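**Student:** sequence plus predicted model, see below.
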Amino acid sequence: MGVCISRLAVLKKLNKNGESYKSVSLNKYTTFKLGGKAKYFLKISTIEGFIKVMDYIQKHNLEYFILGSDSNLLVSDSGYRGIVIKLIGDLSRITDTVSGIEVGCQWKTSCNFWIYAI
């Protein structure tokens, strides 16, 4: 008989340098301070954590949303059943490009990372 590990425990392990929570109210992350709870809420601070979490999400065909700068976002009062990802720390921007997704760092670190769609 196998061991059952909760999805939150797996997400915490994959996002070891960030923060991982269950049932987080999204109203404090929106301009209008409205909205319900996210089933899972991750604050990811490293490119390694981002890659591991996105790989897990894709392998398990899970719903996700990458939260931007918190503006112009409306969340239903019934919440979001998937995983909400907030990039923090050195991961200051994410840009969709023709060849993949560019995740950059703050200017002081002067670096860029590329994640290519497989």
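**Tutor:** Noted; the coordinates are in hand. Residues are numbered from 1 along each chain as shown.
**Student:** check which helix or strand residue 23 maps to.
**Tutor:** Of the helices and strands defined by DSSP states H and E, residue 23 is found in strand 19-25.
**Student:** given that strand, what are its sheet partners and their directions?
**Tutor:** Applying DSSP bridges, strand 19-25 is found paired with strand 37-44 (antiparallel).
**Student:** which residues are contacting the strand it pairs with?
**Tutor:** If you take Cβ atoms under 8 Å, 6 or more residues apart in numbering as the criterion, strand 37-44 is touched by 7-8, 11, 15, 18-26, 50, 53, 79-88, 91. The way it works is simple: take the backbone N, C-alpha and C, and place the C-beta from them, glycine included.
**Student:** can you mark which positions in stretch 73-86 are buried?
**Tutor:** Residues of stretch 73-86 classed as buried: 73, 75, 79, 80, 83, 84, 85, 86 (neighbour count, 16 or more other Cβ atoms under 10 Å).
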